[in-house]
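Chemist: Let's see this in three dimensions:
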Amino acid sequence: MISLVGLSKHYPSKTLFDNLSLKITLKERMAIVGPNGAGKSSLLKMIAGLLEPDAGQVVLPVGAKIGYLPQDLDVVSDRTAVHEVVGGDSGLRKIEDDMQRLEEEMSDADKLKPGALDRLLARYGDLQTLFSTLGGFEQEANARKILAGLNFSEQQMDTRVSQLSGGWRMRVALARTLVTQPDILLLDEPTNHLDIPSIEWLEEFLNDFAGSVLLISHDRTFMNHVVNGVIEIQQGRATVYHGNYDDYLSLRESQKEALESAYERQQAEIARIQSFVDRFRAKATKATQAQSRLKALEKIERIELESEAKTVRFKFPQPPRSGNIVLTLVEVQKHYADRMVIPSTNLTVHRGSKIALVGPNGAGKSTLLRIMAGVLKPDKGNRMPGTNVTLTYFAQHQLETLDPHHTVLEAMESVAPDTESQTKIRSLLGAFLFRQDEAYKKVSVLSGGEKSRLALARMLLVPSNFILLDEPTNHLDIASRECLEKALSAYSGTLAFITHDRHLIETIATDILEIVPGKITPFFHTPYPIYVEKKKLAAAESKVPESLAKSGSRPDTPREAAPADTRTGDRDVLKKKLERIELDIAEAEKTLGNLVSELDNPRFSEPLDYKAKSEKKKIAQKIEEARRRIASLSQEWEREASRLSA
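Modeler: Numbering: from 1, shown residues only. Below is the predicted model of the structure:
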């Protein structure tokens, strides 16, 4: 059990916590959520023992081993990545140092007193046993396994940390935390700097992790896949919700509606009593009753509604209409030194498309987006913009282009057209939470989230019908991400974007452009969930069935010269696969029918209470999932049927 007892933390400008108490059972995986500045990171630091509360205490299980990953830890080391990760376990390193010291003492046995060598050997044997029990001999193998999960190549694992970029150094810090196998794992924004494959690997790691996990994240898909509870920090109080992040939102909304209903009932009752008091206070026959009601009114414990948190609110200005073809790339190539980053690529972007570029870090996503934006010239091939195309490009390192000496207002004015009024600029800044005097803050003192909001605000000064975004959600909290998501959904122009926020891709993308080293594959008119399903099916098909492995053949290999019995075996495999797919389709259609019938239930007739609304929404989501599954299975059936025919 992790117990937080009466925690208080005060600063001159604000109070983070005041008598906060909380109990977290072991083996829980909890997300800590709340508005920026609520004290989420401070709470993690207190549990890690790195920040002292002004009052109260943190009580941890005796001997509990803590692994803590801060949000912006930059590892600076001349050791290789793998040795830096292995060096993260201070307990094992101490045992290893003690063993090395004993080895040095035993190497000079002639100088030892009688019996000393035996004692040293016995001590060395004990340390060696302890080192083995704690997994010391497997630690480098474990470190390499974790680094591989975080997308390190063998070459990168053996590269000095000082030679790695900031994002890769952050991954080393994460791996160093994970390899220690702590009892309690504290992670502050662990998915920052991770690509989607690495985030998915981390999800699997945390779901298999035997200890407790407390994490802070702005990635709602990650939280949905990992956590089984949410701790909300709000106005110095902590409230625990069971379930994943979506469950938390649902419960939170339910509680909010119940509180609002109770507030309205109480206000009506207060108004009724106050009306009686006002009417009869001056009448002698009713004065005693009026006085009694007034006292009752004063004793009522007033329900207070939570103040609405300030959130970013904006929409992209509707742009002038472009031609049907927005951009054409013809046999575009790009090399860096002797490495081919963008192989010969042909691409046509049509008006209204919203294309997500996906793939591992380092595969060339940002390079291709920069070529599409016209800020990087290809080595070969042509980039041809369409008719009436106006373009805005948001670079991955956009925040670094902000002049630190500018005020927020000056940063806006530096990119605003001459005709733009001060009123519109100030109004736009207000929508991004830069209100009144905050417009005169220097860029140099802004937080990462504030800089991201400012960079987005600058984009809105000139209407564009083709927007290209490279990691626009970095440093944005969940509320700001949701606002960006709504703005992009409503945007009528064309969009190409890179993000590791899978929820944003699922919500926005109409097309997927997959970029892996040496290969670019478009998935047009393919929502992200369908793309993911296709990748899973392709991965499953790439595994050689045992019957085919014995013959040395693969199901997707041309078989023009294959013996007749092998072809017969392949046909049998494909027939069985088609039968399985048909059964799956039938089952999915039955599920869909049941869900549609359930939605027709009279209990979902208007008006609906919150519980019914929530249930109806969940059924509608399941219906959409069932339809997607049927579509995916039907495509798979057609593909396999074609292979059987061939």
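Chemist: distance of the residue positioned nearest the centre of the chain from Glu140?
Modeler: With the centre of the chain defined as its mean C-alpha position, the nearest residue by C-alpha atoms, centre = their mean is Asp219, 2.5 Å away. The gap separating Asp219 from Glu140 is 30 Å, by C-beta to C-beta, to the nearest Å. Just so you know, the C-beta spots here come from the backbone N, C-alpha and C atoms, and that holds for glycine as well.
Chemist: Next: Asn324.
Modeler: 56 Å.
Chemist: In terms of neighbours, single out the busier of the two.
Modeler: It is Glu140, of Asn324 and Glu140, that has more neighbours when counted by other C-beta atoms under 10 Å, with 15 against 11.
Chemist: so the more buried one is in which element?
Modeler: Here Glu140, judged by DSSP states H and E, is contained in helix 139-149.
Chemist: Now that helix: buried residues?
Modeler: Neighbour-count burial for helix 139-149, counted by 16 or more other C-beta atoms under 10 Å, picks out Gln139, Asn142, Ala143, Arg144, Ile146, Leu147, Gly149.
Chemist: and after that helix, which helix or strand comes next?
Modeler: The C-terminal neighbour of helix 139-149 among helices and strands, as given by DSSP H and E, is helix 154-157.
Chemist: contact partners of that next one?
Modeler: Thr80, Ala81, Val82, Arg144, Leu147, Ala148, Leu164, Trp168 (C-beta atoms under 8 Å, 6 or more residues apart in numbering).
Chemist: C-alpha coordinates for it, PDB please?
Modeler: The C-alpha coordinates for helix 154-157 follow below in PDB (Å, rounded to 0.1, in the frame of the first residue of the first chain):
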ATOM      1  CA  GLU A 154      22.300  -2.900 -32.400                       C
ATOM      2  CA  GLN A 155      24.600  -0.200 -33.700                       C
ATOM      3  CA  GLN A 156      22.700   2.500 -31.600                       C
ATOM      4  CA  MET A 157      22.900   0.300 -28.500                       C
END
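Chemist: Make residue 1 into 52 and carry on from there
Modeler: Right, with 52 as the first residue, what we last looked at is helix 205-208.
Chemist: ok so, going back, same question for the helix holding Glu191, mean pLDDT?
Modeler: Averaging pLDDT along helix 190-200 gives 84.
Chemist: What is it packed up against?
Modeler: helix 132-137, helix 205-208, helix 217-229, helix 247-259 (3 or more C-beta pairs under 8 Å, 6 or more residues apart in numbering; DSSP states H and E).
Chemist: Comparing those helices, which comes out most buried?
Modeler: Ranked by mean neighbour count, the helices and strands packed on helix 190-200 are led by helix 132-137 with a mean of 25 (mean count of other C-beta atoms under 10 Å).
Chemist: next one: that one to chain centre, how far?
Modeler: Chain-centre distance of helix 132-137: 25 Å, with C-alpha atoms, centre = their mean, to the nearest Å.
Chemist: Ok, stretch 176-184 next?
Modeler: The answer for stretch 176-184 is 40 Å, by C-alpha atoms, centre = their mean.
Chemist: pLDDT score for Arg434?
Modeler: Looking at Arg434, its pLDDT stands at 93.
Chemist: To which secondary structure element type does it belong?
Modeler: Three-state call for Arg434 (DSSP: H, G, I helix; E, B strand; the rest coil): strand.
Chemist: Burial check on it, number of neighbours?
Modeler: 17.
Chemist: Not counting its neighbours along the chain, what's nearest it?
Modeler: Leu380 (5.8 Å; C-beta to C-beta, 6 or more residues apart in numbering).
Chemist: C-alpha coordinates for the one helix or strand that neighbour maps to, CSV please?
Modeler: Element membership of Leu380, judged by DSSP H and E, is strand 376-387. Extracted in CSV, the C-alpha atoms of strand 376-387 (Å, rounded to 0.1, in the frame of the first residue of the first chain):
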residue,chain,number,x,y,z
ILE,A,376,-5.1,18.2,-57.1
VAL,A,377,-3.3,20.0,-54.3
LEU,A,378,0.2,18.5,-54.7
THR,A,379,2.0,16.0,-57.0
LEU,A,380,5.4,14.4,-56.3
VAL,A,381,7.0,12.7,-59.3
GLU,A,382,9.8,10.2,-58.7
VAL,A,383,11.0,12.2,-55.7
GLN,A,384,14.2,10.9,-54.0
LYS,A,385,16.3,12.1,-51.0
HIS,A,386,19.7,10.9,-49.7
TYR,A,387,21.7,11.8,-46.7
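Chemist: Mind giving me the packing neighbours of the helix or strand just after it?
Modeler: Next along the chain after strand 376-387, taking DSSP H and E as the criterion, comes strand 390-401. Packing partners of strand 390-401 (3+ C-beta pairs under 8 Å, 6+ apart): strand 376-387, helix 416-424, strand 431-436, strand 545-549, strand 570-574.
Chemist: Mind doing that once more with 7 Å?
Modeler: strand 376-387, helix 416-424, strand 570-574 (3 or more C-beta pairs under 7 Å, 6 or more residues apart in numbering; DSSP states H and E).
Chemist: Make CSV from those and add mean pLDDT, distance to Leu356 and mean neighbour count to it.
Modeler: As requested, the helices and strands packed on strand 390-401 are arranged in CSV below (pLDDT from 0 to 100; distance: least, C-beta to C-beta, whole Å; neighbours: other C-beta atoms under 10 Å):
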stretch, mean pLDDT, distance to Leu356, mean neighbour count
strand 376-387, 92, 46, 18
helix 416-424, 93, 44, 22
strand 570-574, 92, 46, 16
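Chemist: Looking at these, which is nearest to Arg477?
Modeler: helix 416-424 (29.1 Å; C-beta to C-beta).
Chemist: rewinding a little: show residues contacting the strand holding Leu380.
Modeler: Residues outside strand 376-387 that contact it (C-beta atoms under 7 Å, 6 or more residues apart in numbering) are 392-402, 418, 422-423, 429-437, 440, 517, 545.
Chemist: ok, now stretch 534-546?
Modeler: For stretch 534-546, contacts defined as C-beta under 7 Å, 6+ apart pick out 362-367, 369-370, 373, 377, 400, 402-406, 515-518, 523-524, 527, 555, 558-559.
Chemist: Go through that stretch and flag the buried ones.
Modeler: Within stretch 534-546, the residues that qualify as buried are Cys534, Leu535, Glu536, Ala538, Leu539, Tyr542, Gly544, Thr545, Leu546, counting by 16+ other C-beta under 10 Å.
Chemist: ok, now stretch 111-122?
Modeler: Of all the residues in stretch 111-122, those buried under the rule 16+ other C-beta under 10 Å are Leu111, Ile117, Gly118, Tyr119, Leu120, Pro121.
Chemist: can I get the CA coordinates of it in PDB?
Modeler: Coordinates of each C-alpha in stretch 111-122 appear next as PDB, following Å, rounded to 0.1, in the frame of the first residue of the first chain:
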ATOM      1  CA  LEU A 111       5.800   3.300   1.300                       C
ATOM      2  CA  PRO A 112       6.100  -0.500   1.800                       C
ATOM      3  CA  VAL A 113       9.300  -1.400   3.700                       C
ATOM      4  CA  GLY A 114      12.200  -2.000   1.300                       C
ATOM      5  CA  ALA A 115      10.100  -1.000  -1.800                       C
ATOM      6  CA  LYS A 116      12.400  -0.200  -4.700                       C
ATOM      7  CA  ILE A 117      11.300   2.900  -6.700                       C
ATOM      8  CA  GLY A 118      12.000   3.700 -10.400                       C
ATOM      9  CA  TYR A 119      11.400   7.300 -11.300                       C
ATOM     10  CA  LEU A 120      11.500   8.900 -14.800                       C
ATOM     11  CA  PRO A 121      11.100  12.700 -14.700                       C
ATOM     12  CA  GLN A 122       9.600  14.500 -17.700                       C
END
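Chemist: Mean confidence (pLDDT) on that stretch, please.
Modeler: Here the average pLDDT along stretch 111-122 is 86.
Chemist: And the next helix or strand past the lowest-mean-pLDDT helix or strand in the chain?
Modeler: When the helices and strands of the chain are scored by mean pLDDT, DSSP states H and E, helix 597-600 comes last with a mean of 42. Using DSSP H and E, the helix or strand that follows helix 597-600 in sequence is helix 615-650.
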